[in-house]
Structures are given as structure tokens and as C-alpha cells.
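Trainee: predicted coordinates and the sequence they were generated for:
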Amino acid sequence: MDKLNSLCKRRGFIFQSSEIYGGINALWDYGPMGVEMKKNIKDSWWESMTQLRDDIEGIDAAIIMHPKVWETSGHIQNFTDPLVDCKKCKQRFRADQSVGKSCPNCGGELTDPRQFNLMFKTHIGPVEDEASVAFLRPETAQGIYVNFQNVLGPSRQKVPFGIAQIGKAFRNEISPGNFIFRSREFEQMEMQFFIHPKEDKKWMEYWIKERFDWYLNLGIKKENLRFHQHEHKELAHYAKEAYDIEYNFPFAWKEIEGIHNRTDFDLSRHSQASGKDLSYFDDQTKERFIPYIIETSAGVDRSLLVFLVDAYHEEEVRGEKRVVLNLHPKIAPVKVAVLPLVNRDNMPEIALRIFHDLKHYFKCFYDDGGAVGRRYRRQDEIGTPYAVTVDSQTLQDETVTLRDRDTMEQIRVKIGELVELVKKKLA
Ligand code: GAP
């Protein structure tokens, strides 16, 4: 994790938030490479969940919702962690994680546990009183439930169907940590699938498999993924059955995505509290019911960490250490690097022409700084799958070398054939 952390800083993936002021705990900023990679993860999820399906619609709901939403959803009452304070050094710990009766930091005496709500509070409007209290959403899911009828009507979907959303969520975690694994501001990719209550087993199985395969299809090693079924005492207040997809992080096996059978809990409660009918009428069976919901809930930041950890690889090449991110091309922040072998003989001009041509098709990076070997290493470290190099032979026959990140093999390709070839290789 230390090596990855340092690579992320060095190569512009992730920085501590407000670093010049000493940083702020559990909040992170994404740099040029990080933001590209994050976008690629979200695009891949969005494509698989909406574009490639005709039974899922997308939405983008507001982060701040009516405070009643959180009362109804049970978050005001139940979205808590047990907290203990050290009477001596004043540090705070999650009671379910700290050991014994004494402080893990200084050995001081701990207070009795009390429940701490994880939602961030704010106020709407100029007056800060009880009536103006609002919350930053701790999950994106509620924005989907309250829009169930709004989406159902115009989309003309029929149950079973789903609604997908990607967006920020906020949790005032007591013990964040492990880099971006647990932070206080993060993004979720959530999909709520509305079904007939009798079909919950079938759809639960279906989505567990679909979501597991999503990670495999994007190159995550199978041996690093597993399921964990929640025991009754682990279940969230809204869930009847839940599975986590877990990843084998350097620090432990940990949850990266949750698949939950939320039953009719959310729609029933919102229906009762708002007085609006959130039931569904099936034209064919003439049956009216409140749909059950199978939820798939993944973290963007946590997925990004998984892709980085899984891809990080060190090897020795001709007596030198090579660090390479073997990222799936869909996830890699840059797809093609374009390099002149040396900065003379018209090579930079040709390389720049190629760069300006290729950038219409792929995210490219032009680099003419330093020895070519060092430039390849820099690209390896950010996981760029291909590098195009203009050399002296280019001047004679209009060909360039195309280097493969993983094998380091180079082939000669005609400049005019580059776009189609790279497209084919990236597909
Ligand atoms: N709507 C259901 C829900 O929010 P969750 O298991 O609490 O379920 C789902 O969260 C996913 O969101 C987690 O698997 C994780 O990927 C991500 N997540 C949750 N809390 C996080 C945090 N503090 N930092 C980063 N990601 C987090």
C-alpha cells in the first residue's frame, strides 16, 4: 500500500485534500491520471448497466434531499456506529473495532459506547435552526426510490426493471483509513432493480453473478475476489439478505460492493410517509403490489483502489526494476503515448502530428522529455497499454514502432494504419 500510495502521488493519480494546509483526514483529490481512471470506471459501469441493457434507466438526483427522506429511510435512527472516547488522549474509536476497555493509542480509559450518526448535517437557507437542518446523502439509493414513479411513467418500463445512478455520498466515518478505501466523501454506483416479491431469490442470484463478472471482465484476478454472505446480525436495517463482493487487499479481505435484497422496505415506507402511492400495477396479471428491490451498490473510489492494487506489478528487466500497472485498457487513464525517439531530425514534428491525429480517437499523451527508456517506464507506471515511437526509420518509410506495455514487444506499423490497429487492440 505504501508503494501504491507513493506511485499515486508521484504520477498524479491521488493527492491528499488541501495538502498545502496540512491535509484533511479521509478526504482525497484526484489528479490528472486519477480523474481519467475514475471516469473510465464510471463509464464502464454505466455502459454495462444502462447502454447495454434495455431494462435499466439512469438518473442523477440531488445530493441534498428533503430531511423527511432520511427519517423515513431509517437513517436518522439507524445509520450509526457505536463510538467510544478515550478519557485521556481524547481520540475516538469505533467500539466494534477497538479492542478491550483501554485506548489502543495511549492505554487510557475509554468511555461507554454511544451511538454516533454518520450523516453530515448542514442547513438550508440563511437561518440555522432545527427547521432548516438537512443532510448530505450517505447513499445515492434514496434518490432513486423517491423518483420511482417519475421514472416509471415516462420510460414506460415494466417490472422487472432497474434505475441506475452514479454520484457522491458522504459519511462522517469514525475510523476512516487505508488510503481511499474508507473516506468521508466518496462516489457510489448504485442500481435498484424493482421486481415482483416472489422473484427475489432469482434476481438476487442473477445480480450477484452479473456484478462479480463485471470485475472479472475488467481484468481483476479471480483469486482476489470472493463473496461474503451477511449473517443476520450484520444485515443493514433495510436488508433481508445481503452479499458482499470482497477483494483481497494488502491489508485484509474487504467489501467492495454490496448486493442487497431490500424487500419493499423503502418503497413502502416512502409511500406511507409521503402519502403518495408507490405501488405498481401489472397490466397482464391485474395484480397491484409494492415491488421488492434488489440493490447493487459499488464504490467508485474503492473500485479504483481494487484496479490499482490488482494491476500493480514489479519485475526486473535487464537488471533494472520495472514498475507497471497491468490495467485493463478500458480502465487505463491513457491509452496511447506518442514519443519521438530523439528531439531532432523532424521526429518531434512527426510525433506531434500523430499525437494530434490519434487524440481524436483515444486519450493520448505526448512525451519528449528524457531518454526514451525512462519515458517508457513512466508510461508503464501509469498503465498506458501502447506507446508509439517515431524513429529514424519513420523518416524513410512512414512507419513507427508500437510497443506493448505488458510484453514490451515492439512491432512496426504504417502511420496510416495506426488508428485502426490500436482500435482493434483496445477493443
Ligand atoms: N445503498 C447501500 C449502501 O450504501 P454500503 O454497503 O453501505 O451500502 C456500498 O455501501 C458501497 O459503497 C461499499 O461497498 C463501498 O464500495 C462504498 N462505500 C461505503 N462507504 C464508503 C466509504 N466510507 N468510503 C469509500 N467507499 C465507501
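Mentor: Good, I have the coordinates. Numbers count the residues shown, from 1 in each chain.
Trainee: spell out the secondary structure type for the nearest residue to residue 394 once chain neighbours are set aside.
Mentor: Spatially, and ignoring its direct neighbours in sequence, residue 394 is nearest to residue 400 (5.5 Å; CB to CB, 6 or more residues apart in numbering). (Each C-beta comes from the backbone N, C-alpha and C, glycine too.) Three-state call for residue 400 (DSSP: H, G, I helix; E, B strand; the rest coil): strand.
Trainee: report the contact partners of residue 400.
Mentor: Residue 400 is in contact with 354, 388-391, 394, 412-413, 415, 418, counting by CB atoms under 8 Å, 6 or more residues apart in numbering.
Trainee: buried ones among these?
Mentor: Among these, those classed as buried by 16 or more other CB atoms under 10 Å are 354, 388-391, 394, 413, 415, 418.
Trainee: quick one on the thing from earlier: from the contacts of residue 400, which ones fall inside helices?
Mentor: When helices are assigned by DSSP state H, the members of the contacts of residue 400 inside them are 354, 394, 418.
Trainee: give the contact list for the last one.
Mentor: Contact partners of residue 418, counting by CB under 8 Å, 6+ apart, are 354, 358, 388, 400, 402.
Trainee: close to the ligand: what parts of the stretch 1-150 of the chain are there?
Mentor: Proximity of the stretch 1-150 of the chain to the ligand is confined to 139, 141 under the rule CB under 6 Å from any ligand atom.
Trainee: can you map out the helices along the stretch 1-150 of the chain?
Mentor: For the stretch 1-150 of the chain, applying DSSP state H, counting those that start in this stretch gives helices covering 2-10, 32-46, 67-73, 75-78, 141-145, 148-155.
Trainee: pull out the buried positions in the third one.
Mentor: Right, the one you point to is helix 67-73. Within helix 67-73, the residues that count as buried by 16+ other CB under 10 Å are 67, 69-70, 72-73.
Trainee: number of residues surrounding the residue nearest to residue 8 when sequence neighbours are not counted?
Mentor: Once flanking residues are discounted, residue 8 sits nearest to residue 14: 4.3 Å by CB to CB, 6+ apart. Using other CB atoms under 10 Å, residue 14 has 26 other residues around it.
Trainee: and residue 14, how far is that from the ligand?
Mentor: If you measure residue 14 against the ligand using CB to the nearest ligand atom, to the nearest Å, the figure is 13 Å.
Trainee: go on, residue 405?
Mentor: Residue 405 sits 28 Å away from the ligand, going by CB to the nearest ligand atom.
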